[in-house]
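no sequence on this one, just coordinates:
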DNA sequence: TAGTGTAACGAAAACGTTTGCGGTTAATAT
DNA sequence: ATATTAACCGCAAACGTTTTCGTTACACTA
């Protein structure tokens, strides 16, 4: 059951390993007859070059590493999908690791990938406020790196994101356009750059439409969870019974908010409109269906992988490399939860 | 930026590579002083053994391959999660590939993993009616293989599944217990072994409760999708207006069925009960909330990975290997969609 | 006949490890 | 003084490739 090697072929044919290798790789200094017999034998024995040996020789593994905060998560699954597809198309395989919302774990996963000698690393940063020396280490080791979704300026590399601020701006503008004025924002935690940008977009939209932003309308959901949505929707409505819309950092939070409103018998969107973020599958399933910001997750994956692979290739050819900041377009998907109040 | 090697350390210290290696690996034939200086220098230079070289030497890659039908899918995400966690705990990394519902692609992915020389392969078979010579090839090459979720008898290897027949049996029994008699089954396609078992469980439950199974109550959903659920729920209700329950092959199909029932103004569960399968997150979000069969997906992943890694270890030690068929327990989660009709 | 050219092949080094074995030195035993 | 032993070290082969540089043998030219 041993795998057949060049040596096996050489021995059978009574020639040297060198010649066998050359014959297979199309070198010109091997006679047509030798070449033919080598080719045929290789075919018959189903010879496959040993990838590991090639990895050692070529100093590349044709493997890229991916670190994501959570695997069981629609957005990240979709990103993964894009990455794996793009990688495979270019002859790369993907090793996936989970940082699980922990900066410590993230550091460990980076070490694992470096030790594994992946050709490049793709990641979404788990906590932008934590130390990121471990990320700089990737750069220092000259391992190509592309950040997506959650990125930070301090790291010199290509980045793929959406324009969170503009997306939130558009979402809130839609709410305003539909007749809402007192808009609650259930935002994400401080250590998320997305949360920060989205909150700024929310404030900017209010200002641009002549509504003065009221900080007391902003609540911080640390967990992005349905429970958070329920809890803070309740709190918000107790504090501001006259609120007419809720803009949520993510669909799950919105689902929680909707659940709470339903429980309380508050009509959506007649009394309160709800806007989510990410356009995950639940958005169209829940009742009332949830308006949301569509995020091109799969494309984000593809784009990130493409950028990374390009950089790997350029480094190999010793070409000069430049970094890109790609921002993917988003779309507001309007559903029942934000139907205009004017019509009612 | 070159990685530091044993040779570097040897040169600096003026000793041989052999001695450096031995010092680091704790061989006894190296003097305490030499050992100490080697250790210190290795520490200072941050020496990390070259994994690729070790892979070549040891004929192992400490990598396992995973092939799943679809990445963006709650069940498979959860399985992945379990696999990755268990693998990492044992010093293995995971390469993930998608067979995308195509037996052809599945074959290609297997080739990729074999070429990559993974130490073992984990997969859920995409189509049990298709040729599976490509899967036998894994066995022939003596590469450890563990099948999960969708498995077939013809392949000699360890397998991890749930007891689909019993799970379906319990689900349908619950429906019957709650007062339902004319139960529609939206089943999966013929090429899915799960669908076959679940359908048999459905029939057995009916029989055991004195209800004669009516084949015209069974509909085949090829795509497991919401659309399928809508389409076949409609068809079923047109054919059998007096049906009082629907047992669905999967939660998504159930969601489609519920959507159709809601549209039609049919009350759930008063007029028709709905039972799903998998207990995905949407089950508790949708309204009415969906009763479903809870499948321990993460544990399935852990168990599969554990079995695979064990087999890898045994082969390495030339121990005799035996294969296991693990069946994980399931649970019926009763929610609003199947509240008992007797109480109404 | 000596010199030049060319076609075909192989030796060896390299990628970075590990490990069996042999060799050298010094210390101990007879 | 000689023999035995132990402690310490390094050579070389091995894992499977690729590629540079020789080497050989032969044919052709002057």
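All right, it came through fine. The shown structure was predicted, so the numbers you read here are calculated from the model rather than taken from an experiment. Numbers count the residues shown, from 1 in each chain, chains lettered A, B, ... in the order given.

and the stretch 51-200 of chain A, which of its residues are near DNA strand C?
Within the stretch 51-200 of chain A, the positions adjacent to DNA strand C are A:53, A:56, A:57, A:59 by CB under 7 Å from any atom of the strand. Bear in mind the C-beta positions are built from the backbone N, C-alpha and C, glycine included.

Distance check, the last one against chain B.
Between residue A:59 and chain B the computed distance is 8 Å (CB to the nearest CB, to the nearest Å).

That residue - how many residues pack around it?
Around residue A:59 sit 14 other residues, with neighbours defined as other CB atoms under 10 Å in any protein chain shown.

Return the distance of it relative to residue A:144.
Remark: distance between residue A:59 and residue A:144 (CB to CB, to the nearest Å) = 14 Å.

The closest residue to DNA strand D within the stretch 51-200 of chain A is in what secondary structure piece?
Using CB to the nearest atom of the strand, residue A:53 is the residue of the stretch 51-200 of chain A that sits closest to DNA strand D, at 3.5 Å. Element membership for residue A:53 (DSSP states H and E) is helix A:51-58.

Quick one: check stretch A:222-241 for contact with chain B.
Yes: using CB under 8 Å from any CB of the partner chain, stretch A:222-241 reaches chain B at residue A:226.

buried ones in that stretch?
By 16 or more other CB atoms under 10 Å in any protein chain shown, the buried positions in stretch A:222-241 come out as A:224, A:226, A:228, A:229, A:230, A:231, A:232, A:233, A:234, A:236, A:237.

How about the secondary structure of the residue in the stretch 151-300 of chain A positioned nearest to chain B?
In the stretch 151-300 of chain A, the residue that lies nearest chain B is residue A:287 (5.0 Å; CB to the nearest CB). What DSSP: H, G, I helix; E, B strand; the rest coil gives for residue A:287 is coil.

mind listing what the nearest residue to it once chain neighbours are set aside touches?
Computed as CB to CB, 6 or more residues apart in numbering or on different chains, the closest residue to residue A:287 that is not its neighbour in sequence is residue B:287, at 5.0 Å. Residue B:287 is in contact with A:262, A:286, A:287, B:336, counting by CB atoms under 8 Å, 6 or more residues apart in numbering or on different chains.

Residue A:265: neighbouring residues, count only.
Residues within reach of residue A:265, counting by other CB under 10 Å, total 7.

ugh, wrong one, residue A:197
Look at residue A:197: counted by other CB under 10 Å, it has 19 neighbours.

what do you get for residue A:282?
Neighbourhood size, residue A:282 [other CB under 10 Å]: 23.

Show me where chain A has its strands.
A:63-68, A:93-98, A:120-123, A:145-148, A:158-162, A:183-187, A:218-220, A:245-248, A:273-275, A:292-294, A:325-328, A:331-333 (DSSP state E).

Including mean pLDDT and mean neighbour count, could these go into CSV?
As requested, the strands of chain A are exported to CSV (pLDDT from 0 to 100; neighbours: other CB atoms under 10 Å in any protein chain shown):
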stretch, mean pLDDT, mean neighbour count
strand A:63-68, 98, 26
strand A:93-98, 98, 23
strand A:120-123, 98, 26
strand A:145-148, 98, 25
strand A:158-162, 98, 23
strand A:183-187, 98, 26
strand A:218-220, 98, 18
strand A:245-248, 98, 30
strand A:273-275, 98, 29
strand A:292-294, 98, 24
strand A:325-328, 98, 14
strand A:331-333, 98, 16
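
my read: the residue of the stretch 51-200 of chain A closest to DNA strand D touches residue B:55, true?
No: taking CB atoms under 8 Å as the definition, residue A:53 is not a contact partner of residue B:55, at 9.3 Å.

Compare the two (neighbour count), which wins?
Comparing residue A:53 with residue B:55 by other CB under 10 Å, the one with more neighbours is residue B:55, at 23 against 15.

what residues are up against the more buried one?
Residue B:55 touches A:52, A:55, A:56, B:61, B:62, B:117, counting by CB under 8 Å, 6+ apart.

for the longest helix belonging to chain A, packing partners?
Longest helix in chain A by number of residues (criterion: DSSP state H): helix A:297-316. Contacts defined by 3 or more CB pairs under 8 Å, 6 or more residues apart in numbering or on different chains; DSSP states H and E place helix A:297-316 against strand A:63-68, helix A:74-89, strand A:120-123, strand A:145-148, strand A:158-162, strand A:325-328.

can those go into JSON lines with extra columns for distance to residue A:40?
Below are the helices and strands packed on helix A:297-316 laid out as JSON lines (distance: least, CB to CB, whole Å):
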{"stretch": "strand A:63-68", "distance to residue A:40": "32"}
{"stretch": "helix A:74-89", "distance to residue A:40": "31"}
{"stretch": "strand A:120-123", "distance to residue A:40": "38"}
{"stretch": "strand A:145-148", "distance to residue A:40": "44"}
{"stretch": "strand A:158-162", "distance to residue A:40": "46"}
{"stretch": "strand A:325-328", "distance to residue A:40": "48"}
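
right, and those - which one's nearest residue A:105?
Closest to residue A:105 of the helices and strands packed on helix A:297-316 is strand A:63-68 (CB to CB; 9.2 Å).

What strands flank that closest one, and is each parallel or antiparallel?
Next to strand A:63-68 in the sheet, as set by DSSP bridges, lie strand A:93-98 (parallel), strand A:120-123 (parallel).
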